[in-house]
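Visitor: the following comprises the amino acid sequence and a computationally predicted model.
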Amino acid sequence: MELGCPLLISQHNPTRLYFGANKLFRTDDRGNSWSVISPDLSRNIDRNKLDVMGRVWSVDAIAKNGSTDIFGQLTSIAESKFDQNLLWIGTDDGLIQKTTDGGKSWTKYDNLPGVPAMSYVHQIITSLHDRNTVYVCFNHHRYGDFKPYVLKTTNGGTSWTAIQSDLPERGSVYSIAEDHVDANLLFVGTEFGCFFTTDGGGHWIQIKAGLPTIAVRDIEIQRRENDLVLGTFGRGFYILDDYSPLRGMNKQKLEEKALLFPVKDPWMYVERYPIGLRSKGHLGSSYFVTPNPEPGAVFTWYLKDEIKTLKADRQAREADAYKEKKAVYYPSMDSLRLEDNQTDPCLLFTISDRNGNVIRHLKAGTSAGLQRVVWDMTTAIAAPVGNRYVPGPDVLFGTEETGHLVAPGEYQVTLSQVVDGQITSLSGPQSFTVKLLEQSSLPTDMAATAGFLEKVSTLRKAASAASDILSNLQSRIGMIESAITDMPAQPGDILSKAATIRKDLIRLNIRLNGDGTAASRQFEVAPAINDRVFGIQGALWPSTASAQNLHRFLPDRTQPVQCVDERPENCRRFHQSDRIRPGTERGTVHTRSMAG
């Protein structure tokens, strides 16, 4: 026996395991004792009598038995969900064996239709929906045959049907899985990726998004979350989160212009930073991490045809004409002008609450096929579009500014297209419920908190607008002063008036954004208006606790605060010129960070 032999935990008894060599072994006490429950289930062929490269080699042949599988052994074990005594096994020399009495007697299946003799049985599974349905993957690549072979029986092995249909001709099949809800939804792992079918094997579609061209050796389904887990030959694994939209997919649905699938109820929570910062923090580039799925509501949609720009559509027509060797003439100048001035089309997802109030819009591209976008369960950003903090890829301190979390409850989403400024409804609405994941050590009342956060968001908009107006006035007064000195006349009182206005703007800037002169020299300064707004936002946005509890943990904003960082460049106040936003984790102590 070798380590590559199959091992199966019974779904009827967790202390029962099956282990396959050339015979089938069973333990009912987690491996403390074993019983043989079958005879030799292989062909019992002596591999040393088989031709290799046209002849039988002697014992002295190089690597005759080195790194070579022990031939004549079990490769797969399957136990029926409906009967603990109904077992199926496959062997590496092309046999399938079945027992209906727990191993006392066995029925052999050989020379199945369309499958080459001695084909390796890579996997055999029993159906979760029918006692008599079984799926088998054969693999004949050791004989230079890389075609897919997938068989199905619905009558307990009396007859078999090939279901590889339109799988690529080159691409051996290694594994197969059946959906636990839809009996017609199957997945297979091949030498060149993963494919699925929604009609029991009549037509197969490749899963590509994020999955490289790689051998998929094993497939498992996490039934609670409807996640598809793929084990690859590269010793890595990939997870397709919530594949449930594939259920019930058929040709009729795929002919529709667009589809918005049902939305899984999302859990609301605030992501933790176990190492203190985003990603891998300061652990270095050699420390491997991979991103977690984004928390939020996942919207899955299907678009039959890509929504193209005028230019892309023309180029596609011209490409077809080139293939047919037809003449391609210049478009008119009016047509080219329309192309140059056209904005890119997009898909628009509109999220509304149970009362029909619009909460958020999300934009997405217009590529054809199955796509996904995640709503992070926040409102739109309160800051002006042109004045939002976005940290660079190497900036670990601070987070990108977002809106605040919405209240848990019922929401709905609709899908539309936007082309040349015209909005056209495509699909929906789909309803879903945002659920709060109760992990807080403080009492939670997100419904009341969301109302308070909306007031803070309104205040943020007002403060941002005032800051923008102030910045504009500061710029204009500078241009006015320059223009005065360029006048071909005596400046008179105009320059004095401009200086007075500048002083007023400086005082206003101190009230709004803080005393930068004092703060840059490490003097204590009172918090300004934006300090207070950003402080509240930075403390409350990344929290699901009730607002009336959180305010007790905020710093006392009425007292001046001194920077404790010894580096002057890190002792900056929250004001417009510094472009510091909620989430900044610099050396000041006057506010909490988004990550804190």
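Guide: Happy to help now that I have it.
Visitor: where does the prediction get shaky in the stretch 351-500 of the chain?
Guide: 394 (pLDDT under 70).
Visitor: ok, which stretches of it are strands?
Guide: For the stretch 351-500 of the chain, the strands defined by DSSP state E, counting those that start in this stretch cover 358-364, 369-375, 409-419, 422-436.
Visitor: okay, the ones you listed, which one's buried deepest?
Guide: Stretch with highest mean neighbour count among the strands of the stretch 351-500 of the chain: strand 409-419 (a mean of 18; mean count of other CB atoms under 10 Å). C-beta: built from backbone N, CA, C; applies to glycine.
Visitor: so what touches that strand?
Guide: Strand 409-419 is contacted by residues 258, 260, 263, 297, 299, 301, 307, 345-354, 359, 366, 375, 423-434, 447 when judged by CB atoms under 8 Å, 6 or more residues apart in numbering.
Visitor: again, 7 Å this time
Guide: 258, 260, 263, 299, 301, 307, 345-354, 359, 423-434 (CB atoms under 7 Å, 6 or more residues apart in numbering).
Visitor: try stretch 377-384
Guide: Counting by CB under 7 Å, 6+ apart, 266, 268, 296-297, 359-360, 388, 401-406, 434, 457, 460-461, 464, 468 sit against stretch 377-384.
Visitor: can you give me the first-to-last residue distance of stretch 261-269?
Guide: End-to-end span of stretch 261-269 (CA to CA, to the nearest Å): 24 Å.
Visitor: can you give me the buried ones in that stretch?
Guide: The neighbour-count check on stretch 261-269 (16 or more other CB atoms under 10 Å) flags F261, V263, K264, P266, W267, M268, Y269 as buried.
Visitor: surely the last one touches P295?
Guide: Yes. Using CB atoms under 7 Å, Y269 is in contact with P295, at 6.2 Å.
Visitor: which residues are in contact with both of these two?
Guide: What both Y269 and P295 touch, as defined by CB under 7 Å, 6+ apart, is an empty set.
Visitor: quick one on the thing from earlier: closest one to N139 among the strands of the stretch 351-500 of the chain?
Guide: Set against N139 and scored by CB to CB, the strands of the stretch 351-500 of the chain come closest in strand 369-375, at 28.7 Å.
Visitor: report the angle between that closest one and strand 409-419.
Guide: Here strand 369-375 runs at an angle of 130 degrees relative to strand 409-419 (axes from the mean of the first three to the mean of the last three CA atoms, to 10 degrees).
Visitor: quick check: the spatially most distant residue from the centre of the chain vs A483, distance?
Guide: Distance from the C-alpha centroid of the chain peaks at Q490, with 67.1 Å (CA atoms, centre = their mean). Using CB to CB, to the nearest Å, Q490 is found at 14 Å from A483.
Visitor: put the alpha carbons of stretch 241-257 into CSV.
Guide: Output in CSV follows, covering the C-alpha atoms of stretch 241-257 (Å, rounded to 0.1, in the frame of the first residue of the first chain):
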residue,chain,number,x,y,z
ASP,A,241,-17.8,31.9,-3.3
ASP,A,242,-21.6,31.2,-3.5
TYR,A,243,-22.1,29.6,-6.9
SER,A,244,-25.8,29.3,-6.3
PRO,A,245,-26.7,31.6,-9.2
LEU,A,246,-25.6,28.8,-11.5
ARG,A,247,-28.6,26.7,-10.3
GLY,A,248,-31.4,26.6,-12.8
MET,A,249,-29.4,28.3,-15.5
ASN,A,250,-30.6,27.2,-18.9
LYS,A,251,-30.5,28.2,-22.5
GLN,A,252,-33.8,30.1,-22.2
LYS,A,253,-32.4,32.3,-19.4
LEU,A,254,-29.1,32.8,-21.3
GLU,A,255,-31.1,34.2,-24.2
GLU,A,256,-32.4,37.1,-22.1
LYS,A,257,-30.6,40.4,-22.5
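Visitor: what residues sit buried inside that stretch?
Guide: Those would be D242, Y243, S244, P245, L246, M249, for stretch 241-257 by 16+ other CB under 10 Å.
Visitor: for stretch 443-459, same thing?
Guide: Neighbour count says stretch 443-459 has T444, D445, M446, T449, A450, F452, L453, E454, V456, S457, L459 buried, by 16+ other CB under 10 Å.
Visitor: which of these fall within helices?
Guide: M446, T449, A450, F452, L453, E454, V456, S457, L459 (DSSP state H).
Visitor: closest to N530 out of those?
Guide: Closest to N530, out of all of these and judged by CB to CB, is L459, at 10.3 Å.
Visitor: quick one: what helix or strand has the nearest residue to that closest one once chain neighbours are set aside in it?
Guide: Nearest non-adjacent residue to L459, counting by CB to CB, 6 or more residues apart in numbering: V533, 5.7 Å away. Assessed by DSSP states H and E, V533 sits inside helix 529-540.
Visitor: give me the neighbour count for the closest residue in space to G171 that isn't next to it in sequence.
Guide: Of all residues beyond its chain neighbours, the one nearest G171 is T190 (4.2 Å), with distances taken as CB to CB, 6+ apart. Applying other CB atoms under 10 Å, we find 27 residues neighbouring T190.
Visitor: sorry, back to before: okay, buried residues for the helix holding V533 please.
Guide: Result for helix 529-540 [16+ other CB under 10 Å]: buried residues I529, N530, D531, R532, V533, F534, G535, I536, Q537, G538, A539, L540.
Visitor: how about stretch 41-51?
Guide: L41, S42, R43.
Visitor: hang on, the first one packs against G90?
Guide: Which is L41. No. With contact defined as CB under 7 Å, L41 does not reach G90; the gap is 9.3 Å.
Visitor: which stretches of the stretch 201-350 of the chain have low pLDDT?
Guide: If you take pLDDT under 70 as the line, the stretch 201-350 of the chain has no such spans.
Visitor: any idea where the helices of it begin and end?
Guide: Assigned by DSSP state H, counting those that start in this stretch, the stretch 201-350 of the chain shows helices spanning 251-254, 310-323, 333-341.
Visitor: elements contacting the last one?
Guide: Which is helix 333-341. helix 310-323 (3 or more CB pairs under 7 Å, 6 or more residues apart in numbering; DSSP states H and E).
Visitor: run the chain-centre distance for the helix it packs on.
Guide: Chain-centre distance of helix 310-323: 33 Å, with CA atoms, centre = their mean, to the nearest Å.
Visitor: now do it: everything it contacts.
Guide: K308, V328, P331, L338, E339, Q342.
Visitor: M333: neighbouring residues, count only.
Guide: Neighbours of M333 (other CB under 10 Å): 8.
Visitor: could you count how many residues lie near P491?
Guide: 13.
Visitor: next up, the contacts around it.
Guide: I484.
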